[in-house]
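>>> Sequence plus predicted model, see below.
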Amino acid sequence: MLNAKMIRSKFTVTFKNCKIVTQTFLINSMSTDSSQPSFEEIRKYLWGFGKGNVNLSKNEDTGIATLVLNNPEKRNAISGQMMVHLRDCIEELEKWKSGKAVILQGHNNIFCSGADLDFVRAAGTKQGASYMSTWMQDTLNRLQRLPLISVSLLEGFAIGGGAEVAVSCDYIVVANNAKFGFVHAKMGLVPVWGGTTRLVNKIGQRKALDMLLTSKVFRAVDCLNIGLADAMVPTAESFVKTMEWLSPRIQHHYTIVRANKTSVINTALNSYQDSLAKEKTMLVPFWGGQLNIEALNKKIKHEPSQNGD
Ligand SMILES: CCCC(=O)SCCNC(=O)CCNC(=O)[C@H](O)C(C)(C)COP(=O)(O)OP(=O)(O)OC[C@H]1O[C@@H](n2cnc3c(N)ncnc32)[C@H](O)[C@@H]1OP(=O)(O)O
């Protein structure tokens, strides 16, 4: 049981030629379970490590948010501070009731080089392992469960913890220059941010085991071929092309988009019976609702798409 109190700071940035309000969040959390470290304790611990930040921008007009990992001196490696920022951004997205999608990317066309190796060295204790895995797994679980369509846009390297962040999203879009790898074994580590579980769900047991054991770094086209990536886009216009790819997937009213995401993630993460029970409750706001009546009045004739998309 956690209680949260939020402290917020706002500033405006220009991103991809759009003026956007960017927000940084700090959240105080208290655990009532004395046997577990509280998230507040873990927050204080992680905050002491490294630099960098995670920027959240929400576009109210399109319903699309962007989350940018930003630690340019280290190829956007995730420091302790960034772990805190990332969780705060996810908490903010949980509160965004009219959003449709979130795109995750790395600053300056590099997704993420994994955990900050300086953090790995400095926090190399049992406490460090427990704090980091608790925090990051919870954060990425929450990212995965967001009622938003989540897309990781991989440009350049997405390795180690960067690969774990990527597989937490509903979809992976690779730029031509993407390089993706679970390199943990090569670093004498195993994934603990939920990456193994999510990788197996995405590509199956045998391919996942192979990827983990070999530490192979895959090129974009290979990511597509093994079924890890959902689309490949040209590096030079990767963001625009990702938006284009996303567009038909979020074309409907935000309530419909969110309900479908919620249903699918419930099915993926819960038992068959629980999923059926939950699905049964989903229709009530829509049946006989405004969107439904408008659609009925249009007398829509459903045809196959022309381009096969
Ligand atoms: C539970 C989580 C498990 C994990 O994530 S373990 C961490 C896995 N990641 C790694 O081992 C990353 C090792 N780095 C690399 O392989 C390469 O730097 C990489 C990402 C392919 C990029 O290569 P290049 O583009 O040639 O750039 P570079 O090597 O010259 O690096 C530029 C500067 O960035 C630094 N850097 C890159 N990745 C880092 C990281 N994860 N943590 C801390 N620092 C990192 C690198 O040391 C270099 O710094 P400097 O300019 O020499 O001071």
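Structure received. Keep in mind that this is a model prediction, so the values were computed, not measured.

>>> State the phi and psi torsions of Leu269.
Here is the backbone geometry of Leu269 (degrees, to the nearest 10): phi -110, psi -10.

>>> neighbours around the residue nearest to Tyr131 when sequence neighbours are not counted, how many?
Of all residues not flanking Tyr131 in the chain, Ile42 sits nearest, at 4.7 Å (C-beta to C-beta, 6 or more residues apart in numbering). Bear in mind the C-beta positions are built from the backbone N, C-alpha and C, glycine included. Residues contacting Ile42 under the criterion other C-beta atoms under 10 Å number 25.

>>> so what's the residue nearest to Ile149 when sequence neighbours are not counted bridging to?
Distances taken as C-beta to C-beta, 6+ apart place Ala101 nearest to Ile149, at 4.2 Å, with adjacent residues excluded. Beta-bridge partners for Ala101, by DSSP bridges, are Ile64, Ile149.

>>> Report the buried residues of the strand or helix carrying Ala277.
Element membership for Ala277 (DSSP states H and E) is helix 272-281. Neighbour-count burial for helix 272-281 flags Ser275 (criterion: 16 or more other C-beta atoms under 10 Å).

>>> what sits up against the following helix or strand past it?
Per DSSP H and E, the first helix or strand lying C-terminal to helix 272-281 is helix 290-298. Applying C-beta atoms under 8 Å, 6 or more residues apart in numbering, the external contacts of helix 290-298 come out as His253, Thr255, Ile256, Phe286.

>>> Only the buried members of these: can you turn that into a PyMOL selection?
Only the buried entries of the contacts of helix 290-298 go into this PyMOL selection, using 16+ other C-beta under 10 Å:
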select buried, resi 253+255
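
>>> Sort out for me which of the contacts of helix 290-298 are in helices.
Of the contacts of helix 290-298, the ones assigned to helices by DSSP state H are Thr255, Ile256.

>>> Turn the contacts of helix 290-298 into CSV, including distance to the ligand and pLDDT.
Formatted as CSV, the contacts of helix 290-298 follow (distance: C-beta to the nearest ligand atom, whole Å; pLDDT from 0 to 100):
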residue, distance to the ligand, pLDDT
His253, 38, 98
Thr255, 37, 98
Ile256, 36, 98
Phe286, 41, 96
